[in-house]
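[1] please work out how this folds:
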Amino acid sequence: MRKELSALREKMAAESWDVVIIPTGDFHGSEYINDYFKTRKYISGFTGSAGTLVVAKDWAGLWTDGRYFLQASMQLEGTGIDLMKMAEPGVPTVTEWLASYLRPGMVLEFDGRVVSAAAGEAYAGAAEEAGASVIFDKDPADGIWQDRPALTGKEVWALPPESAGYPFTVKIRQVRDRMKERGAAYHLITGLEENAWLYNLRGFDVAYTPVFFSFTLITPKESRLYVFPGTGADELIAKAASDMPKSATVYSKGVTYHDYFDVWKDVAELPAGAALLADRNSLSYSLLKTVPEGVELIDALSPATELKAIKNPAEIAATRNAHIKDGRAMAEFLFETKLERFGSFYEYSHEINVTESYASGRLTEHRKAKEGYIEDSFETIPGYMENGAIIHYSVTPESDRQMADEGLLLVDSGGQYISGTTDITRTIALGALTDKMKECYTAVLKGHIDLAMAKFPDGTTGIDLDKIARAPIKAIGLDYNHGTGHGVGHVLSVHEGPNNISPLRGGHPITPGMITTDEPGVYLEGEFGVRIEGELLCVKLSDEERAATGNDYGFEMLTLCPYERDAIIKERLTPEELEWLNAYHQRVYETISPYLDDWRASWLRQECSPL
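    Reported below is the predicted structural model:
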């Protein structure tokens with residue numbers, strides 16, 4: 001049993017807590033979180049980016065989704081914590097487990113600041129039904145996590161106008177217009193990405209996501225920005241306003257600045273009869289309970305979430321530029337992978353121990369060398385052979401595989417550039433492949449291409465589109481345990497909504513301006529994995545295309561990187577798929593080759609030649 005788990009149980013006994021819930025979260029409902037908030041990782045030892053730990057006096061369990069089943073089963077071994085495989089038959093939800101376990105007089109504890117309002121209400125409801133009480137104003141890590149990182153705000157920076165597009169005054173006006181449509185005089189924005197988007201500011205408070213700790217409360221008189229002191233947000237916003245024509249400022253009420261933690265006090269002081277717009281899925285349970293009685297809570301998606309999902313023309317142009325840079329980095333990386341076999345780079349010795357972590361580091365180095373690079377957009381996933389079958393694999397010293405001149409290497413990676421955010425997966429042949437590997441790769445490629453070629457009417461959702469990508473994979477008797485695509489932010493989170501291509505969370509229509517990934521896969525436990533991913537921009541079809549197809553929208557593939565020729569069974573591709581593939585490869589070569597030296601350009605010409 002982990003000593004951290006034992007320490008938590010000692011605290012539970014001292015505090016008379018019967019059950020403690022520790023989610024993966026921060027005060028903003030973020031996916032990636034600052035080290036200060038990684039209590040679940042500290043107690044359980046599970047390093048995946050999603051999961052909820054539940055600890056009782058006599059039992060502990062960790063709930064996570066299909067992406068992490070293999071990883072969690074390995075990392076939880078011997079910890080005293082059971083793996084609860086979400087959405088699997090017979091596995092209850094956290095709320096269902098609470099309902100079956102809690103008894104009258106028991107005490108349920110969780111930190112309401114890091115639990116969403118929706119989840120907190122469900123937990124509290126289960127406790128009330130069982131006759132148990134709830135404590136939500138204490139941090140279970142206090143007194144246990146002795147060397148916990150500090151919670152502070154770093155200096156922020158401004159996104160250049162050529163990348164941001166609309167000024168913050170216009171964005172605040174757009175949000176206010178949508179608030180008015182919903183009858184809300186007040187709007188609480190808790191999401192870090194939404195706040196960064198609203199003010200055209202970025203930061204370094206969260207790894208892989210250039211955001212800063214902040215809240216916004218829009219009132220009839222002002223836009224209140226809550227930040228840590230010394231971030232410089234006030235100076236940057238003032239400078240941006242001073243650079244605008246005087247007429248532009250009429251679109252916005254003034255921005256005022258407040259201490260980060262004062263948001264709880266100001267929400268508690270909202271006037272009776274006020275209508276507050278807030279999204280229960282991102283609003284914390286603690287802030288929900290702070291809203292005074294007599295204030296109407298309008299539960300809806302933040303207008304900022306909806307608006308930032310539709311990229312403006314400047315953001316789209318900048319993003320295309322980011323993908324050229326990323327395509328250059330990927331071409332250089334693939335060249336080394338395919339021709340140099342990770343052991344004979346010009347500047348390195350032939351004696352290098354070529355592992356997954358080494359490959360990951362080399363790819364990051366190629367990205368770092370590109371102008372405008374900020375950081376990676378998530379931790380690179382370099383899964384060789386059986387490790388590639390772990391959907392969201394995270395390389396560790398214990399799992400780090402030595403690579404050989406055979407089999408498949410799955411590399412899922414991305415970069416944050418000042419012009420955009422990228423997310424790409426390529427599965428690479430390092431040498432001889434089996435027929436089974438080629439069959440799986442070709443099926444995944446077909447699904448990937450079929451989705452990229454899709455034409456569809458207005459109102460089509462991600463649920464509808466998900467079926468297209470899965471069909472060729474299901475045709476060979478396989479499937480994958482994750483969605484087909486997620487929205488991508490603009491110099492923000494690599495995973496954003498509301499656009500998703502998924503059978504579960506894909507209910508939102510896909511509309512022009514949205515950028516969504518296309519990433520079907522196949523994962524054979526103990527053997528290998530295949531995933532192919534690119535970013536798709538939803539675009540309007542031309543008048544001729546609409547007339548010919550009866551559809552409204554299609555996709556532009558933003559990602560620029562060749563597929564694995566050695567793994568494709570050409571005869572399995574339809575004429576339309578083959579035509580799309582050859583045209584795409586020609587575009588990749590024409591766009592990327594001018595940036596490469598003669599040797600690499602010659603290699604890329606071969607990789608992109610007609611199949």
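
[2] next, give phi and psi for the closest residue to L76 other than its chain neighbours.
    Of all residues not flanking L76 in the chain, L83 sits nearest, at 5.4 Å (Cβ to Cβ, 6 or more residues apart in numbering). The C-beta positions use only the backbone N, C-alpha and C, and glycine is treated the same way. For L83, the backbone dihedrals are phi -90, psi 130 (criterion: degrees, to the nearest 10).

[3] just Y186 next, same as before
    Here is the backbone geometry of Y186 (degrees, to the nearest 10): phi -130, psi 150.

[4] so what's the residue nearest to L76 bridging to?
    As for beta bridges, L83 partners with L62 under DSSP bridges.

[5] count the neighbours of the nearest residue to G483 once chain neighbours are set aside for me.
    Excluding the flanking residues, the one nearest G483 by Cβ to Cβ, 6+ apart is S502, at 3.1 Å. For S502, the neighbour count with other Cβ atoms under 10 Å is 17.

[6] next, the contact list for S502, please.
    Listed by Cβ atoms under 8 Å, 6 or more residues apart in numbering, the contact set of S502 reads 462-463, 466, 483-486.

[7] go again using 10 Å as the cut-off
    With contacts defined as Cβ atoms under 10 Å, 6 or more residues apart in numbering, S502 is in contact with 461-463, 465-466, 482-486.

[8] equivalent analysis for W264, please.
    For W264, the residues meeting the contact criterion (Cβ under 10 Å, 6+ apart) are 27, 113, 215, 226, 284, 286-287, 289-290.

[9] just confirm K57 contacts A13, I think it does.
    Yes - because the distance of 7.6 Å satisfies Cβ atoms under 10 Å, K57 is recorded as touching A13.

[10] before we move on, back to that, in strands, which of the contacts of S502 appear?
    Assignment to strands by DSSP state E places the following of the contacts of S502 there: 485-486.

[11] just the contacts of S502 now: which is nearest H448?
    T484 (9.1 Å; Cβ to Cβ).

[12] so G554 lies in a strand, does it not?
    Yes - for G554, which was evaluated using DSSP: H, G, I helix; E, B strand; the rest coil, the result is membership in a strand.

[13] quick one: low-confidence parts of the chain?
    The chain contains residues with pLDDT under 70 at 245-253, 340-353.

[14] greatest separation within the contacts of W264: which pair is it?
    Largest separation among these by Cβ to Cβ: Y226 and K289, giving 18.1 Å.

[15] which of those two has more neighbours?
    For Y226 and K289, the more surrounded residue by other Cβ under 10 Å is Y226, and the numbers stand at 22 against 17.

[16] helix, strand or coil: sort out that one for me.
    When the structure is reduced to helix, strand and coil (three-state DSSP), Y226 reads as strand.

[17] was I right to think it contacts F215?
    Yes - between Y226 and F215 there is a contact under Cβ under 10 Å: 4.1 Å.

[18] find the residues that touch each one of those two.
    Residues touching both Y226 and F215 (Cβ under 10 Å, 6+ apart): 189-190, 195, 258, 260-264, 266.

[19] which of those are buried? Put it as a ChimeraX command.
    Of the shared contacts of Y226 and F215, the buried ones can be selected in ChimeraX as follows, counting by 16 or more other Cβ atoms under 10 Å:
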select :189,190,195,258,260,263,264,266
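
[20] now, which of the shared contacts of Y226 and F215 sits nearest L478?
    Proximity of the shared contacts of Y226 and F215 to L478, judged by Cβ to Cβ, is greatest for T190, which lies at 39.5 Å.

[21] OK, contacts around the closest one?
    26-30, 116-117, 214-217, 226, 263, 278-279, 282-284, 287, 302.

[22] make it 8 Å
    Residues counted as contacts of T190 (Cβ under 8 Å, 6+ apart) are 27-29, 215, 278-279, 282-284, 287.

[23] just the ones of those residues in strands?
    Taking DSSP E, the ones among the contacts of T190 that sit in strands are 215, 278.

[24] including neighbour count and distance to T559, could the contacts of T190 go into a markdown table?
    Listed next are these as a markdown table, based on neighbours: other Cβ atoms under 10 Å; distance: Cβ to Cβ, whole Å:
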| residue | neighbour count | distance to T559 |
| --- | --- | --- |
| F27 | 23 | 33 |
| H28 | 25 | 29 |
| G29 | 22 | 28 |
| F215 | 25 | 34 |
| A278 | 24 | 35 |
| D279 | 23 | 30 |
| S282 | 24 | 28 |
| L283 | 26 | 34 |
| S284 | 26 | 35 |
| L287 | 21 | 38 |
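
[25] dump the contacts of T190 to JSON lines, plus distance to E129.
    Formatted as JSON lines, the entries for the contacts of T190 read as follows, by distance: Cβ to Cβ, whole Å:
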{"residue": "F27", "distance to E129": "28"}
{"residue": "H28", "distance to E129": "29"}
{"residue": "G29", "distance to E129": "25"}
{"residue": "F215", "distance to E129": "32"}
{"residue": "A278", "distance to E129": "25"}
{"residue": "D279", "distance to E129": "25"}
{"residue": "S282", "distance to E129": "26"}
{"residue": "L283", "distance to E129": "23"}
{"residue": "S284", "distance to E129": "22"}
{"residue": "L287", "distance to E129": "24"}
